[in-house]
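[1] Next one to model:
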Amino acid sequence: MLAKQKIPLRIVFTGAECTGKTTLIEALSQKLGEPYSKEYVREYADQVSRPLEARDLDPIARGQLKGEDEAARTATKFILHDTNLLSSILYAEHYFDVHIPWVDQTFVERDYTRYFFCQPDIPWEADPGQRVSSNERTKLHSLFQGILARYQINPTILRGSIEQRIQTVLTELQDIR
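    As a prediction, this is how the structure comes out:
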């Protein structure tokens, strides 16, 4: 017998920069009538108005968790997460060659129900201060594949147009409602 899932269920959208996560999350939130948590690093980077440094990793992770928990308060079935601490771990390793033990531990302990991995098959768009380059997106995509494998996360792959991605997600979520 399968154990009953906790409500609300945490649904994570992950992937490299400029793979459609935010656009997808916003559309799904409207369709499902469920809240979402934003990728906090974007807000943080706008607030500090300078290149990010290793000292920023802790407040970024804390802000990510706070946003996730705030979204959970109003959720009924699902909370949609525009990334989670997995991205914090990856970026800390990739850009600063550091690990933050409490972030690693919190990630492992936190219950995320389903992952969707956005593929870089949509046009890359510049976003000053947020995105590096299309070449960096390709490199980060490979790093995301690796970190998902490291944590034995088997995500649903999202490809194609926003409409195709929405349909894939809605079909997958029907199985866990």
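[2] all helices for this structure, in order.
    For the chain, the helices defined by DSSP state H cover 21-32, 40-48, 57-72, 85-96, 101-109, 134-150, 162-174.
[3] Okay, angle between the last one and helix 21-32 too, please.
    Computed with axes from the mean of the first three to the mean of the last three Cα atoms, to 10 degrees, the direction of helix 162-174 lies at 60 degrees from that of helix 21-32.
[4] in helix 162-174, what counts as buried?
    Using 16 or more other Cβ atoms under 10 Å as the test for burial, helix 162-174 gives Arg165, Ile166, Thr168, Val169, Leu173. Backbone N, C-alpha and C define where each C-beta goes, glycine included.
[5] ok, the third one touching Thr156?
    This points to Thr168. Yes. Between Thr168 and Thr156 there is a contact at 6.7 Å, judged by Cβ atoms under 8 Å.
[6] Find residues that contact each of the two.
    Phe116 (Cβ atoms under 8 Å, 6 or more residues apart in numbering).
[7] For the chain, which residues score under the pLDDT cut-off?
    1-6, 124-134, 177 (pLDDT under 70).
[8] repeat that for 50
    1-3, 131 (pLDDT under 50).
[9] Tell me the spatial nearest neighbour of Leu170, not counting adjacent residues.
    Lys31 (7.2 Å; Cβ to Cβ, 6 or more residues apart in numbering).
[10] go on, Ala75?
    Using Cβ to Cβ, 6+ apart, the nearest residue to Ala75 is Pro8, at 3.7 Å.
[11] Now for the one you found: which residues touch it?
    So Pro8 contacts Glu34, Ala72, Ala75, Thr76, Lys77, Phe78, Ile79 (Cβ under 8 Å, 6+ apart).
[12] Looking at those residues, which two lie furthest apart in space?
    The widest separation within these, taken as Cβ to Cβ, falls between Ala72 and Lys77 and amounts to 11.6 Å.
[13] Angles on the backbone of the spatially most central residue of the chain, please.
    Geometric centre of the chain, nearest residue: Thr83, 1.3 Å, by Cα atoms, centre = their mean. When read as degrees, to the nearest 10, the backbone of Thr83 gives phi 70, psi 170.
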